[in-house]
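**Q** Here is a sequence with its predicted model. Questions after.
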Amino acid sequence: MPRGTSVRHPLAGLTRDFHRLGPLEGSVEPWMSAELDQHAAQVCEGIVSGGAELNAATLGTYLHGFLDGCLERGWDSEDAGYDWETLRILAICRLAKERGFVR
């Protein structure tokens, strides 16, 4: 997670911060595209299976909860490369951009 990034940022702020970690738009390596697509599908399923609509608020709430859980477990991706958690966060941010929830 980039230094200075807070789990209290709005979805747009986190998306901007994580854009520095990896590609949120445009072409990516095939393996990463597949990983991000799988993560995004799981996130969407998790939100709508609970009866909620996928929108900026529910995606932001999901992201905040996910980051809180990561931090509680002591996760630190500064030198982990594209670990599972980082890929999940990138997928959430990419999904927010694709759905027009953030610019």
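**A** Nice, thanks for sending it over.
**Q** Residue ranges in the chain under the pLDDT threshold?
**A** Under the criterion pLDDT under 70, the flagged ranges of the chain are 1-10, 14, 16-26, 79-80.
**Q** Isn't A40 up against R94?
**A** Yes: contact status for A40 versus R94: in contact at 6.8 Å, counting by C-beta atoms under 8 Å. Yep, even glycine has a C-beta here, placed from its N, CA and C like the rest.
**Q** Who has more neighbours out of these two?
**A** R94 (23 against 20; other C-beta atoms under 10 Å).
**Q** And the helices in the chain?
**A** Per DSSP state H, the chain carries helices over the ranges 11-19, 30-49, 56-72, 84-98.
**Q** List the contacts of the closest residue to G46 other than its chain neighbours.
**A** Excluding the flanking residues, the one nearest G46 by C-beta to C-beta, 6 or more residues apart in numbering is Y62, at 7.0 Å. The contact partners of Y62, taken as C-beta atoms under 8 Å, 6 or more residues apart in numbering, are 43, 46-47, 92.
**Q** quick revisit: can you lay out the helices of the chain as JSON lines showing distance to E78?
**A** Formatted as JSON lines, the helices of the chain follow (distance: least, C-beta to C-beta, whole Å):
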{"stretch": "helix 11-19", "distance to E78": "13"}
{"stretch": "helix 30-49", "distance to E78": "19"}
{"stretch": "helix 56-72", "distance to E78": "13"}
{"stretch": "helix 84-98", "distance to E78": "10"}
